[in-house]
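Peer 1: Below is the sequence, then the predicted model.
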Amino acid sequence: MNFSLEGRTYVVMGVANKRSIAWGIARSLHEAGARLIFTYANERFEKPVRDLVSTLEGQDALFYECDVTNDEAVDATFQQIGNDVGTIHGLAHCIAFADKEDLKGEFVDTSRDGYLLSQNISAYSLVAVTRAAKPLMTEGGSIVTMTYLGGERVVQNYNVMGVAKASLDASMKYLANDLGKNNIRVNGISAGPIRTLSAKGVGDFNTVLKQIEEKAPLRRTVTQEEVGDTAYYLMSDLSRGVTGEIIHVDSGFNILG
Ligand SMILES: CCCCCCc1ccc(Oc2ccc(Oc3cccc(O)n3)cc2)c(O)c1
């Protein structure tokens, strides 16, 4: 059995720039021989993504806009993908958002709108894209979503996004249960803090980075590349017996009390 991704096609959702975790995932899947399809939230992201992907030698990528807050848009995007490539073998969901004022201070002050917005984009979007992608995964497949420790236990300032990640984690497991009979696996990668565009929105991020370097078992933070390689494992047949799982790529920080 070989663990290359040659001859397989994966959708990567959420590349914003070269620091994105989704870009780390795209590079690892490309190196493993995969053909890649990229979706982005709006046309503002199209050029940066196309420019990044042009650096992947021999990659014959496709690009689609996909506003995950709109069911018709999600359906239209995946129908278009189905028309263009037929079968896909998996999907990396690297999409989340919360209002900045809901990512600092006290969680008790979260507005109803802010709470629902973060649930909508950061958790429900996995259900929507999985339902739309399922018919295209005729040979089975593997879906990976990005989560964080703040959804398992309280991390100061993470607040409303922690509640959204708790919802995402449970959603991932229920999707794994539904799709297992179609030989589609659904898993999460819980990444340690990485300095991305999104990380800029979370209060006191620098303190958390320092804490990892001082306390995590590996005494260092992790990289987009390390997350990308775990995504490669989860997309490959190496993880064929794994579904509904969360793999922590966080220098072991999650094992500490
Ligand atoms: C206090 C916790 C420090 C470690 C946070 C690690 C982390 C970093 C980035 C993460 O991804 C997002 C994605 C969107 C997001 O919402 C944003 C981001 C930027 C601006 C904005 O208005 N909202 C916040 C975090 C994420 O889920 C988790």
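Peer 2: Now that the structure is in, tell me what you want to look at. Numbering: from 1, shown residues only.

Peer 1: dump the residue contacts of the residue nearest the centre of the chain.
Peer 2: Nearest to the mean C-alpha position of the chain, by Cα atoms, centre = their mean, lies residue 94 at 2.6 Å. Counting by Cβ atoms under 8 Å, 6 or more residues apart in numbering, residue 94 makes contact with 12, 13, 14, 15, 20, 21, 22, 25, 145, 146. Where you see a C-beta, it was placed from the backbone N, CA and C, and this is true even at glycine.

Peer 1: rerun at 7 Å
Peer 2: Taking Cβ atoms under 7 Å, 6 or more residues apart in numbering as the criterion, residue 94 is in contact with 13, 14, 20, 21, 22, 25, 146.

Peer 1: what's residue 130 in contact with, if anything?
Peer 2: Residue 130 neighbours (Cβ under 7 Å, 6+ apart): 143, 175, 186.

Peer 1: what's the distance between it and residue 176?
Peer 2: Applying Cβ to Cβ, to the nearest Å, the value for residue 130 to residue 176 is 10 Å.

Peer 1: what do the two both touch?
Peer 2: With Cβ under 7 Å, 6+ apart as the test, residue 130 and residue 176 both reach residue 186.

Peer 1: and residue 144, which of the three is it?
Peer 2: Counting by DSSP: H, G, I helix; E, B strand; the rest coil, the backbone at residue 144 sits in strand.

Peer 1: wait, it sits on residue 189?
Peer 2: Yes. Counting by Cβ atoms under 7 Å, residue 189 is a contact partner of residue 144 at 6.1 Å.

Peer 1: ok, residue 186 - how many residues close by?
Peer 2: Counted by other Cβ atoms under 10 Å, the residues lying close to residue 186 total 28.

Peer 1: Once you drop chain neighbours, what's closest to it?
Peer 2: residue 176 (4.1 Å; Cβ to Cβ, 6 or more residues apart in numbering).

Peer 1: The one you found is in what secondary structure piece?
Peer 2: Element membership for residue 176, per DSSP states H and E: helix 159-179.
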